[in-house]
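Q: Just a sequence and a predicted model for now, questions to come.
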Amino acid sequence: MAKTLPKTDVVIAGVGWSGGIIAAELTKAGLNVVGLERGKERKTEDYFMVHDELRYALRYELFQDLSKETITFRSNEKVRALPMRSYGSFLLGTGLGGSGVHWNGHTYRFLPYDFQIRSKTIERYGKNKLPAGMSIQDWGITYDELEPYYDKFEKTAGISGAPNPLGGKRSNPYPTPPMKQSPSLQKFTDATTRLKLHPYPMPSANLSENYTNPDGIARVACQYCGYCERFGCEYGAKADPVVTVIPVANKTGKFEIRSHSDVRRIIHKGGKATGVMYIDVTTGEEIFQPADIVVAASYVFNNTRLLLLSGLGKPYDPSTGKGAIGKNYAYQVIKGSAAGFFEKEQFNTYAGAGALGVSVDDYNGDNFDHSSLNFIHGGVITLTQSGARPIQNNPVPSGTATWGKEFKTNSLKYANRTLSIGAQGSSMSFKHHFLDLDPTFKDAFGDPLIRITFDFEDQDRELAKFLALKCSGIMKEMGADHVDYLKELGPYEIMTYQSTHNTGGVIMGADSGDSAVNNYSQMWDADNVFVIGASSFPQNAGYNPTDTVGALAYRTAEGILSYRKNGGLLV
């Protein structure tokens, strides 16, 4: 029998960006909050002098133990799903701060089009532009409504940048100026300007200068060491929950973090949650934490899985399109890139930062005419200098042998003579892409794993080829002597890293009939349960999700305080 603890005002499952923001905002308002984190606690001192590529980037020290809990994957419903036993396509964070610790720091706002994608696409091109099976939805919120919360997150994190000339309107400048412009970034800027595109500095959570945020959190500028993605930052220069929002909650004395606490169920009765059941993984003890309000703020797969295991909300049925929990899983199309090899120029690409880059949005969203194209949306095109670490950096031109003398010779020759332009394409949702509980495979506690059913569609294939061709054109304009770029996009495969930008499963909308949460991330089916994160996205845009996740968390915090006062559905 589970041990029952004293009741708290709010309990949070998962203490990453979303959970940390909720904790900070609610405790500042006087609420008592318990944060349950299944991994260990973290601090910046953990990373002093440990720029160890093997330990973190290749042996995945900051990530979930796949032998205890993983996902299963299948490309369609006709084949059996199998567990992901080693890391490949995406990386599942664990521990205090979650994926917000190991991210690169790319902090883009979604475009206004992204939030009204279905209605805006039909308005411009007609219903026939949407292929059969595509299940994209408007969010039930507009960019203008979300903009103040973007602004608040960017000030908390100290985002460095300059306005996107093709983006939505901003109420304020970025709180810190853009990062340094390296020679390779200047080369990209010059080439895209000659091509009459609109380059702008990548918005970066790596601080360009020392900064103190509105909560009084002071952090120092980035050192351009090149160890961001898959690493924690020992300087605190990369914004993450551990150095921004969690200290604010801790300072109030009203926040209790319980690490090594794996939330297994949301307990509910009569349309209300009464608390959560979790396992203390250090002792194996089952514990019930009662609460007035429950917040699910873990990763996409965990949010969806927790609701399905809890029997909260109606599971999605792809055969009928009914139900919302597990609906509209989407990913990202990262394959449309180009690599350039230079015979007479060299670049110091080993120095860098996770979000040091220059971007163009001329081929993102609906910023260009799709009338003659066989896809909708697009993606951001960027040249980044994130730090070419020695083990994983080994580029050679196509046609080079993959081993032996020729491979070694070209590896050495092009180590400092290679640049890469990446395209991050959107991912549209389809009725047959979804998340559910696997009927066969279970975790260490005996609960079903979450199962992904997903593959690339013609939409993705056409988009990837289009973006790759644009990247190739920019690289040629930059003067590369040899350019390799994607010619065809094959089936989605889970073995090779692509991005950790998984979305959907607990999607947001204006109607309880086709969504799981409203635009305050409040569940339609249980008004004292709030589910935050990229699980809310009805489809994925051509950007990294973190800025939008942060903005939604600030809006949710505001909604929870209103709910605490007045009760009922907020929308």
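A: Structure received.
Q: what residue ranges in the stretch 401-550 of the chain score low on pLDDT?
A: Along the stretch 401-550 of the chain, no part satisfies pLDDT under 70.
Q: host element of the spatially most distant residue from the centre of the chain?
A: No residue in the chain sits farther from the centre than K405, which is 40.0 Å out by C-alpha atoms, centre = their mean. Assigned by DSSP states H and E, K405 belongs to helix 404-413.
Q: Run through who's touching that helix.
A: N394, P395, V396, P397, T400, A401 (C-beta atoms under 8 Å, 6 or more residues apart in numbering). (C-beta placed from N, C-alpha, C; glycine too.)
Q: Tell me the bridge partners for V360.
A: I381 (DSSP bridges).
Q: Near it, how many other residues are there?
A: Applying other C-beta atoms under 10 Å, we find 27 residues neighbouring V360.
Q: Now do the contacts for it.
A: Here V360 is in contact with T192, L197, H198, P199, Y200, V380, I381, T382 (C-beta under 8 Å, 6+ apart).
Q: rerun at 7 Å
A: T192, L197, H198, P199, I381 (C-beta atoms under 7 Å, 6 or more residues apart in numbering).
Q: cool, R74 as well?
A: So R74 contacts R80, A81, T453 (C-beta under 7 Å, 6+ apart).
Q: Break down the stretch 301-450 of the chain into its strands, ranges please.
A: In the stretch 301-450 of the chain, the strands defined using DSSP state E, counting those that start in this stretch lie at 325-330, 338-341, 357-360, 379-384, 418-425, 434-442, 448-453.
Q: Tabulate those in JSON lines, adding columns for distance to T156.
A: Shown next, in JSON lines, are those (distance: least, C-beta to C-beta, whole Å):
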{"stretch": "strand 325-330", "distance to T156": "27"}
{"stretch": "strand 338-341", "distance to T156": "35"}
{"stretch": "strand 357-360", "distance to T156": "22"}
{"stretch": "strand 379-384", "distance to T156": "23"}
{"stretch": "strand 418-425", "distance to T156": "24"}
{"stretch": "strand 434-442", "distance to T156": "30"}
{"stretch": "strand 448-453", "distance to T156": "30"}
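Q: Determine which stretch of these is the most buried.
A: strand 325-330 (a mean of 29; mean count of other C-beta atoms under 10 Å).
Q: Can you tell me which of the contacts of helix 404-413 is nearest V11?
A: N394 (46.5 Å; C-beta to C-beta).
Q: Not counting residues beside it along the chain, what's closest to D511?
A: G140 (7.6 Å; C-beta to C-beta, 6 or more residues apart in numbering).
Q: which residues does the residue lying closest to T72 once chain neighbours are set aside contact?
A: In space, and not counting its chain neighbours, T72 is closest to A81: 3.9 Å by C-beta to C-beta, 6+ apart. Listed by C-beta under 7 Å, 6+ apart, the contact set of A81 reads T72, F73, R74, D438, R451.
Q: any idea how far the closest residue in space to N519 that isn't next to it in sequence is from M495?
A: Distances taken as C-beta to C-beta, 6+ apart put I141 closest to N519, at 4.0 Å, once the chain neighbours are dropped. I141 sits 36 Å away from M495, going by C-beta to C-beta, to the nearest Å.
Q: So between those two, which is more surrounded?
A: I141 (22 against 9).
Q: helix/strand/coil for that one?
A: The local conformation at I141, judged by DSSP: H, G, I helix; E, B strand; the rest coil, is coil.
Q: how deep is the closest residue to S499 other than its chain neighbours tucked in, by neighbour count?
A: In space, and not counting its chain neighbours, S499 is closest to Q332: 4.6 Å by C-beta to C-beta, 6+ apart. Number of residues near Q332 (other C-beta under 10 Å) recorded here: 25.
Q: wait, isn't Q332 in contact with N502?
A: No - with contact defined as C-beta atoms under 7 Å, Q332 does not reach N502; the gap is 8.3 Å.
Q: which residue ranges form the helices in the protein?
A: 17-28, 53, 99-102, 112-115, 117-125, 143-157, 183-194, 246-252, 300-310, 404-413, 458-477, 546-566 (DSSP state H).
Q: so can I have a markdown table of those helices showing distance to E229?
A: Formatted as a markdown table, the helices of the chain follow (distance: least, C-beta to C-beta, whole Å):
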| stretch | distance to E229 |
| --- | --- |
| helix 17-28 | 16 |
| helix 53 | 11 |
| helix 99-102 | 7 |
| helix 112-115 | 24 |
| helix 117-125 | 28 |
| helix 143-157 | 17 |
| helix 183-194 | 18 |
| helix 246-252 | 21 |
| helix 300-310 | 19 |
| helix 404-413 | 22 |
| helix 458-477 | 20 |
| helix 546-566 | 13 |
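Q: out of these, nearest to D46?
A: Of those, nearest to D46 by C-beta to C-beta is helix 99-102, at 9.5 Å.
Q: Now do the closest one: which elements does it pack against?
A: Under the contact criterion of 3 or more C-beta pairs under 7 Å, 6 or more residues apart in numbering; DSSP states H and E, helix 99-102 touches no helix or strand at all.
Q: average pLDDT for it?
A: For helix 99-102, mean pLDDT is 94.
Q: Quick one: distance of that helix to the chain centre.
A: Chain-centre distance of helix 99-102: 10 Å, with C-alpha atoms, centre = their mean, to the nearest Å.
Q: Give me the contacts around it.
A: Residues contacting helix 99-102 (C-beta under 7 Å, 6+ apart): 16-17, 42, 62, 93, 229-232, 240-242, 299, 500.
Q: One more: stretch 180-195?
A: Counting by C-beta under 7 Å, 6+ apart, P199, F347, T349, G357, V358, V360, L383, Q385, L419, I474, E477, M478 sit against stretch 180-195.
Q: Now do it: distance to the chain's middle.
A: Using C-alpha atoms, centre = their mean, the offset of stretch 180-195 from its chain centre is 27 Å.
Q: cool, stretch 176-187 as well?
A: The answer for stretch 176-187 is 24 Å, by C-alpha atoms, centre = their mean.
Q: Now do that stretch: distance from first to last residue.
A: Start-to-end span of stretch 176-187 (C-alpha to C-alpha, to the nearest Å) is 23 Å.
Q: re the thing from before, so what's the residue nearest to D511 up against?
A: M508, G509, A510, S515, N518, N519.
Q: Look at the first one and say how many residues are nearby.
A: The one in question is M508. By other C-beta under 10 Å, the burial measure for M508, its neighbour count, is 25.
Q: Look up the closest residue to it, ignoring the ones flanking it.
A: Nearest to M508 is S536, by C-beta to C-beta, 6+ apart, at 4.3 Å.
Q: before we move on, what about G567?
A: In space, G567 is closest to D527, 7.4 Å off (C-beta to C-beta, 6+ apart).
Q: I'd like to know how far that neighbour sits from G19.
A: On the measure of C-beta to C-beta, D527 and G19 end up 20 Å apart.
Q: Show me the shaky parts of the stretch 51-200 of the chain.
A: For the stretch 51-200 of the chain, no range has pLDDT under 70.
Q: quick one: the strands in the stretch 1-150 of the chain?
A: Under DSSP E, counting those that start in this stretch, the stretch 1-150 of the chain gives strands at 3-4, 8-13, 33-36, 71-74, 82-83.
Q: Run through the bridge partners of the closest residue in space to N528 that isn't next to it in sequence.
A: Counting by C-beta to C-beta, 6+ apart, I293 is the residue found nearest to N528 once chain neighbours are left out, at 5.1 Å. Per DSSP bridges, the residues bridged to I293 are V10.
Q: Let me see the contact set for I293.
A: Going by C-beta under 7 Å, 6+ apart, the list of residues near I293 reads D9, V10, N528, I560.
Q: contact partners of stretch 245-260?
A: Contacts for stretch 245-260 (C-beta under 7 Å, 6+ apart): 15, 20-21, 23-24, 27-28, 31-41, 96, 156, 215, 217, 280-282.
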